[in-house]
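Novice: structure here, sequence nowhere to be found:
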């Protein structure tokens, strides 16, 4: 015979154990949600945004980082009539413009632009040449820069975009460098 007395009434030990299990599942869910929110906040804090524009009064072509984080430029490509050009003299020749060995430019390829950085990436020799090159940019040539954030999220921005999607679009990664296509600006 057993000396134990059969239990009657409510089993509070099971209720306590089930409550602890439910609380732990909720805690794990809250922790996962919090981690997701923190990732989104960090992503927003390091988000770069390259913008190309024409500084008409200066007769220069500029690039600026209007984002919150550094823009790491991984590749720059220029296409003239759909064909790659590797430097400004080649761009001018393919467009039928007079080329000069001393065309002023700044290197964008491989640069890291801090938030708020704005600099000239090309200056034609005079305002007339700038106007011609700017107008031809709407029809015949384009510059594309692939850049990434500090979290290695990447985008391609385009000077002289043909469509709204060309201004800036997210990509899984930047193209593999190809010396025949990379712009040596």
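Specialist: Good, I have the coordinates. All figures in this text were calculated on a predicted structure; none of them were measured in a lab. Residues are numbered from 1 along each chain as shown.

Novice: for the chain, longest helix please?
Specialist: When the chain is parsed with DSSP state H, its longest helix is helix 12-45.

Novice: the helix or strand following that one pairs with which strands, parallel or anti?
Specialist: Next along the chain after helix 12-45, taking DSSP states H and E as the criterion, comes strand 50-55. Its sheet considered, strand 50-55 pairs with strand 60-65 (antiparallel) by DSSP bridges.

Novice: give me the contact list for the strand it pairs with.
Specialist: For strand 60-65, the external contacting residues (C-beta atoms under 8 Å, 6 or more residues apart in numbering) are 48-55, 71, 108, 113-123, 130, 133-134, 145, 159. (C-beta placed from N, C-alpha, C; glycine too.)

Novice: average pLDDT for that strand?
Specialist: Mean pLDDT, computed over strand 60-65, is 93.

Novice: past that strand, which element shows up next along the chain?
Specialist: Criterion used, DSSP H and E; the element after strand 60-65 is strand 71-80.

Novice: that next one - contacts with which helices or strands?
Specialist: strand 83-85, helix 88-95, strand 112-113, strand 141-148 (3 or more C-beta pairs under 8 Å, 6 or more residues apart in numbering; DSSP states H and E).

Novice: where's the first one relative to the chain centroid, distance-wise?
Specialist: Spelled out, it's strand 83-85. The chain centroid and the centroid of strand 83-85 are separated by 22 Å under C-alpha atoms, centre = their mean, to the nearest Å.

Novice: would you mark the buried spots in that strand?
Specialist: residue 85 (16 or more other C-beta atoms under 10 Å).

Novice: on that earlier part again, how distant is the longest helix of the chain from the center of its chain?
Specialist: With C-alpha atoms, centre = their mean as the basis, the mean position of helix 12-45 lies at 33 Å from the chain mean.
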